[in-house]
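**Student:** Could you work out the structure for the sequence below:
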Amino acid sequence: NMLDNIKYNFDEEINRKNTNCAKWDGLEKYFGYKDLNPLWVADMDFKTPDFINNEIIKAAQNASYGYSVESDGLFQSIISWQKNQHNWNIAKEDIFMINGVVPAYSACIEAFSEEGDEVIVQTPIYPPLFKCISANNRQVVINELKNDNGYYTMDLEDLKSKITPKTKILALCSPHNPVGRVWSKEELEKLADICIKNDIIIVSDEIHSDITFKKFIPLASISEKIAQKTITLNSAGKTFNIAGLNCAYAISKNSFILDRFKKIAHKREIHSVNFFGYISTKAAYENGALFVEQLKDYIMGNILFIKKYLEENNLKIDFQIPEATYLIWLNFIQTNLSHEEIKELLLRKSKIALNDGVSFGNNGNKYFRLNTALSRKALEIALNQLSVSFK
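**Tutor:** Just a heads-up that it's a prediction; the model follows:
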């Protein structure tokens, strides 16, 4: 394979300003300031690799963007990727294409519960998960993760105590955003066991599963019993920086669960995918293994660089090195400032845009999420800005 000896360049700077880019051009809308350095929204400031871009350009040369349909090749690429990367065997009939993990998650809430029912989330958690629950008129039940010096684990005793006859769904974030945990097989089995006993369907958001620094286990791959209670949502969007192409997929081995989901997906019209979404996902999964390896090395290099920088500059900011994702969960507790004060300093003095920890749940107080997926040089500039406020 020609791609076997390619060295991908993550140091290359690309200009994303004035390209309709949410991360860069949405600053004023989200933060009230224009002149911030954006290390917030979870996409990468790296170029999407050529093996994807070239396929997009090739398709564009035909200059016809009518309705598209998913090909066997697309399904095959998803099947091979899950098998080769995560040792998970799935079949074509287990997969259903959709236009995004969040719309799919919202559809799952409608598919597997009634209005007024309860959905469990494990906080701190990716903010749209709350919003989807309340927008569907369901109740949010919060099962806080246990925080042991920055290392998070599931609080299964608390979980058990919160389950009622109205609890229908558990929203699993695996790997977990923002705390960067790759759940162990044991943790997943114990969690699934509780859900099976209580007839709770697990919606497993596995969108960060490729950017992992220890072995990732897809929940539904553990056992047939667990697979029968699970619907998995995933996408190549995070891994290959193609989130804007709106292509994702749901997987379930339980045909009843998948059919129920499909019914709502059709009702909500979230099952037709962007023409380029199909092309880019297939290209990514067919050719992306080496890219992902090198990307992970570069990101871990960035993460360790931040760790060293904070220590050497005596900043009163700390974080646990994540087991997955290019996101880090910065803890400002030692600054002895209030959450609002930290936020003000970040925006006004450091001029840096991070995700506000409180949006991930109350236990995100004095935390901010930082995105490390940028060139080392740009990262160093951002850290220098950060240190202005927290020396």
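
**Student:** drop to CA atoms for contacts and neighbour counts, all remaining ones
**Tutor:** Fine.

**Student:** residue contacts, Glu70?
**Tutor:** Glu70 makes contacts with Tyr278, as judged by CA atoms under 8 Å, 6 or more residues apart in numbering.

**Student:** Equivalent analysis for the one 5 residues further on, please.
**Tutor:** By CA under 8 Å, 6+ apart, Phe75 lies in contact with 92, 95.

**Student:** swap in His271?
**Tutor:** Contact analysis of His271 by CA under 8 Å, 6+ apart lists 97-99, 265.

**Student:** before we move on, what about Ala22?
**Tutor:** The contact partners of Ala22, by CA under 8 Å, 6+ apart, come to Val41.

**Student:** What pLDDT does the model give it?
**Tutor:** For Ala22, the pLDDT comes out at 91.

**Student:** all numbers from here: first residue = 12
**Tutor:** Noted, 12 is the first residue going forward, which turns the last one into Ala33.

**Student:** The residue found closest to Val152 once you drop the neighbours it is linked to in the chain: how many residues sit nearby?
**Tutor:** Using CA to CA, 6 or more residues apart in numbering and skipping the chain neighbours, the partner closest in space to Val152 is Ile131 (4.6 Å). Applying other CA atoms under 10 Å, we find 25 residues neighbouring Ile131.

**Student:** Settle this for me: Lys196 is touching Ala231, isn't it.
**Tutor:** No - Lys196 is beyond contact range of Ala231, at 11.0 Å (criterion: CA atoms under 8 Å).

**Student:** joint contacts of the two?
**Tutor:** Joint contacts of Lys196 and Ala231 (CA under 8 Å, 6+ apart) do not exist.

**Student:** Report the contact partners of the residue nearest to Val152.
**Tutor:** The contact partners of Ile131, taken as CA under 8 Å, 6+ apart, are 151-154, 178, 180-182.

**Student:** Name the strands paired with whichever helix or strand it is part of and say parallel or antiparallel.
**Tutor:** Assigned by DSSP states H and E, Ile131 belongs to strand 129-132. Each strand paired with strand 129-132, and its direction, by DSSP bridges: strand 150-153 (parallel), strand 178-184 (parallel).

**Student:** Compare those and give me the one nearest Asp46.
**Tutor:** Nearest of these to Asp46, taken as CA to CA: strand 178-184 at 32.5 Å.

**Student:** Looking at the contacts of His282, which is nearest Gly77?
**Tutor:** The closest of the contacts of His282 to Gly77 turns out to be Asn110 (CA to CA; 16.4 Å).

**Student:** Now the closest one. Its backbone dihedrals?
**Tutor:** Main-chain torsions, Asn110, degrees, to the nearest 10: phi -90, psi 10.

**Student:** Next: Leu338.
**Tutor:** The phi and psi values for Leu338, taken as degrees, to the nearest 10, are phi -110, psi 140.

**Student:** so what's the closest residue to it other than its chain neighbours up against?
**Tutor:** With CA to CA, 6+ apart as the criterion, Leu338 has its nearest non-adjacent residue at 4.6 Å, and that residue is Asn382. For Asn382, the contact set (CA under 8 Å, 6+ apart) comprises 50-53, 337-339, 365.

**Student:** Give me the distance between Asn382 and Phe42.
**Tutor:** 16 Å (CA to CA, to the nearest Å).

**Student:** what does Gln345 give?
**Tutor:** According to CA to CA, Gln345 and Phe42 sit 25 Å apart.

**Student:** and if you look at Lys201?
**Tutor:** Counting by CA to CA - Lys201 and Phe42 are separated by 40 Å.

**Student:** Let's verify Glu148: helix, strand, or coil?
**Tutor:** Glu isn't right for residue 148; it's Asn. Under DSSP: H, G, I helix; E, B strand; the rest coil, Asn148 falls in the coil class.

**Student:** Not counting sequence-adjacent ones, nearest residue to it?
**Tutor:** Leaving aside its chain neighbours, Asn148 sits nearest to Glu126 (5.4 Å; criterion: CA to CA, 6+ apart).

**Student:** Quick check: phi and psi on the closest residue to Lys240 other than its chain neighbours?
**Tutor:** What sits nearest to Lys240 in space, not counting adjacent residues and going by CA to CA, 6+ apart, is Ile212, at 5.3 Å. Here is the backbone geometry of Ile212 (degrees, to the nearest 10): phi -80, psi 130.

**Student:** okay but Ile212 is in contact with Thr241, surely?
**Tutor:** Yes - using CA under 8 Å, Ile212 is in contact with Thr241, at 5.9 Å.

**Student:** Looking only at neighbour counts, state which of these two leads.
**Tutor:** Taking other CA under 10 Å, Ile212 and Thr241 do not tie; Thr241 has more neighbours (29 against 25).

**Student:** what bridges to that one?
**Tutor:** Counting by DSSP bridges, Thr241 is bridged to Ile213.

**Student:** Okay, it and Asp210: tell me how far apart.
**Tutor:** Here Thr241 is placed at a distance of 11 Å from Asp210 (CA to CA).

**Student:** now do Lys402
**Tutor:** Distance of Lys402 to Asp210, computed by CA to CA: 51 Å.

**Student:** ok, now Ile109?
**Tutor:** Plainly put, Ile109 is 26 Å away from Asp210 if you go by CA to CA.

**Student:** try Gln345
**Tutor:** Using CA to CA, Gln345 is found at 42 Å from Asp210.

**Student:** Please apply the same query to His350.
**Tutor:** To Asp210, His350 is 39 Å away according to CA to CA.

**Student:** The two - which one has more neighbours?
**Tutor:** For His350 versus Asp210, neighbours defined as other CA under 10 Å are more numerous around His350 (18 against 14).

**Student:** what's near enough to touch the more buried one?
**Tutor:** 376-378.

**Student:** May I see those residues arranged in CSV, with neighbour count as well?
**Tutor:** Output for the contacts of His350, formatted as CSV (neighbours: other CA atoms under 10 Å):
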residue, neighbour count
Asn376, 19
Lys377, 23
Tyr378, 27
